[in-house]
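> I need the structure of the sequence given here:
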Amino acid sequence: MIFVTGGLPGQTVRARVTRRKSSFIEAEAVEVVQPARHAVPAICPHDGQCGGCPLQTMPYETQLHWKRRIALDAMIRIGGMDADQMESLLAEVQPSPAMRRYRNKVELAFAGGGDEPLTIGMRRRSGRGVIPVPHCALMSVEARGMVDMMTELAAQTGLPAHTPKDEARYRLGGQGTDETHDSQLSYDGQAGHAQRVVAKPKRTRMGWRSSSLAAMHAAESRKRGSGFWRFLVLRRALDADLRGPRWWALCITSPGDPTQQAMVRSIGQKLLKAFPLLSGFVHEERASEDALVLGQKRVAVLGNTGEADPTAARLWLPLAGEHFCLDAASFFQVNTAASQVLATMAVDMFERHVQQDKPSLLDLYCGVGAPGLLLGKRCGRLLGLEQDARAVALARANAKRMGLAHCVYETGDAGLHLDKLAPLQENYWSQTEHWDAVLVDPPRAGLAPRALNALLRLNAHTILYISCNPATLARDAARLRGAYRLAEMRAVDLFPHTPHIECLTLWQSL
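The predicted structure is shown next:
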């Protein structure tokens, strides 16, 4: 069996083998020899290089068909569910109301610097390197202007972009720990090799570092897997007055000294002055040598005046008739229109299947309280568990603003908390608490084994599991189906032109 990354159903492609195993081969498409029979024109000029929207030449109805197939295959093959049952349970995927510019959040990576031009863009389809996307079909005109200015100002500092260790090894000729094999198929610059552009040495206008020194620093940084600039995250939401869309910028860098932190602050002030719709600029640092878009230390928050203002990191997004307050770094669904469909669907499933009067609800991985607070309106009590202390504080604030005093939130690991609620060995001092229903909305990795084991011991009557990854949902379903029956499954397309799909499953105890 051969798995080809970058190829679509119906296409004939020329592929390069990247990995050989006894039972399968992995390859990546480098050229489309013959397009699919019903292919449509790409919506974005960066198609084929950018890794953001790999399905955009597939008709949207076909995208929805294959997304449903992905979810079904996962539940059948990995979850061990009955094929006929799954076909009858999962209806057609609910489409996204918007096809273009549907994202309220755009995450862009820095690359280059020193002897290469500094750029900001999306990861290439291969995952290695970054490509500028000035005409991205998901990005608004305002966001493009901010990206252009940020690129120019960051380049003037002379500081190079961060290069994750894995990519640094690849640039030096290694391929990580997996063995890579080149097939005998032709593969040249036209098919995807990066072309290196060398800039002439030039002193930066801000005078912080000469580009010749920057080039030396950049070369060393790439070898070590370090560097300064990491990510630029732009979010479109509402301000506290809930009127008119505005923007927030989050810049993530490697840890810097006071001079470097002052550079970022100065850039933030210039962006805020140039773009009146920019409400806040946040600078965070990440020390880990990886490619996660997640800050580990908050350095500064600037309000629209350019002065320090911690409250300027707060923004509001609508969900099913309510407005939720979140932080510029908080998780929230990025497709505003489609998330309304998802939330409404979750509330409907909960109300139809949870029959108890004022039920008790345990909300795992609750984030800032969405969508749990929407269900909490008819609950007698709600306990939300979340590892991010900042998100817990916002969940409490959202509950208070909505007048839901019976909804409480605690910070900590879900598995550890569940062990307390459902101990391995019960005794007089430690007994399993009773919960009528559990809402589970984990990250892509799904439920941690410890959390899943404790959830099964808890033996709640109903579990509503929201998943952004059919594979890990199916893995957890294989455990759940021993104690629960799958009563309903639905799916919503939150990410048009990508293979990703959001699934809702409702389980009832046997």
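> which other residues reach stretch 236-248?
By CB atoms under 8 Å, 6 or more residues apart in numbering, the residues outside stretch 236-248 that reach it are 104-105, 140, 142-143, 146, 234-235, 275, 277-282, 313-318, 323, 326, 328. All C-beta atoms are positioned from the backbone trio N, CA, C, and that covers glycine.
> and the strands in the stretch 251-400 of the chain?
Listed from the start of the chain, the stretch 251-400 of the chain has strands (DSSP state E, counting those that start in this stretch) covering 278-285, 297-303, 314-319, 322-327, 360-364, 381-386.
> likewise for the stretch 51-200 of the chain?
Using DSSP E, counting those that start in this stretch, the strands assigned to the stretch 51-200 of the chain run over residues 105-113, 116-123, 130-131.
> for the second one, buried residues please.
Neighbour-count burial for strand 116-123, counted by 16 or more other CB atoms under 10 Å, picks out 116, 118-123.
> sorry, back to before: of all the strands of the stretch 51-200 of the chain, which one is nearest residue 452?
Comparing the strands of the stretch 51-200 of the chain against residue 452 with CB to CB, the closest turns out to be strand 105-113 (28.9 Å).
> who are the packing partners of the closest one?
strand 116-123, strand 130-131, helix 141-156, helix 211-224, strand 229-238 (3 or more CB pairs under 8 Å, 6 or more residues apart in numbering; DSSP states H and E).
> try 6 Å
In this structure, strand 105-113 makes packing contacts with strand 116-123, strand 229-238, judged by 3 or more CB pairs under 6 Å, 6 or more residues apart in numbering; DSSP states H and E.
> can you redo those strands as a markdown table with distance to residue 286 and mean pLDDT?
Formatted as a markdown table, the entries for the helices and strands packed on strand 105-113 read as follows, by distance: least, CB to CB, whole Å; pLDDT from 0 to 100:
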| stretch | distance to residue 286 | mean pLDDT |
| --- | --- | --- |
| strand 116-123 | 17 | 93 |
| strand 229-238 | 6 | 97 |
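> would you agree residue 17 falls within a strand?
Yes - Residue 17: assigned to a strand according to DSSP: H, G, I helix; E, B strand; the rest coil.
> which residues does it form a beta bridge with?
Residues found in beta-bridge contact with residue 17 (criterion: DSSP bridges) are residue 27.
> low-confidence ranges in the stretch 201-350 of the chain?
In the prediction, the stretch 201-350 of the chain carries residues with pLDDT under 70 at positions 201-225.
> straight-line length of stretch 47-62, end to end?
Start-to-end span of stretch 47-62 (CA to CA, to the nearest Å) is 18 Å.
> any idea of the mean pLDDT in that stretch?
When pLDDT is averaged over stretch 47-62, the result is 90.
> now do it: distance to the chain's middle.
The chain centre lies 18 Å from the centre of stretch 47-62; the measure is CA atoms, centre = their mean, to the nearest Å.
> quick check: buried residues in that stretch?
By neighbour count with 16+ other CB under 10 Å, stretch 47-62 contains the buried residues 47-58, 60, 62.
> want to throw the strands of the stretch 251-400 of the chain into a markdown table with distance to residue 485 and mean neighbour count?
Below are the strands of the stretch 251-400 of the chain laid out as a markdown table (distance: least, CB to CB, whole Å; neighbours: other CB atoms under 10 Å):
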| stretch | distance to residue 485 | mean neighbour count |
| --- | --- | --- |
| strand 278-285 | 44 | 24 |
| strand 297-303 | 45 | 18 |
| strand 314-319 | 29 | 20 |
| strand 322-327 | 31 | 21 |
| strand 360-364 | 20 | 24 |
| strand 381-386 | 25 | 23 |
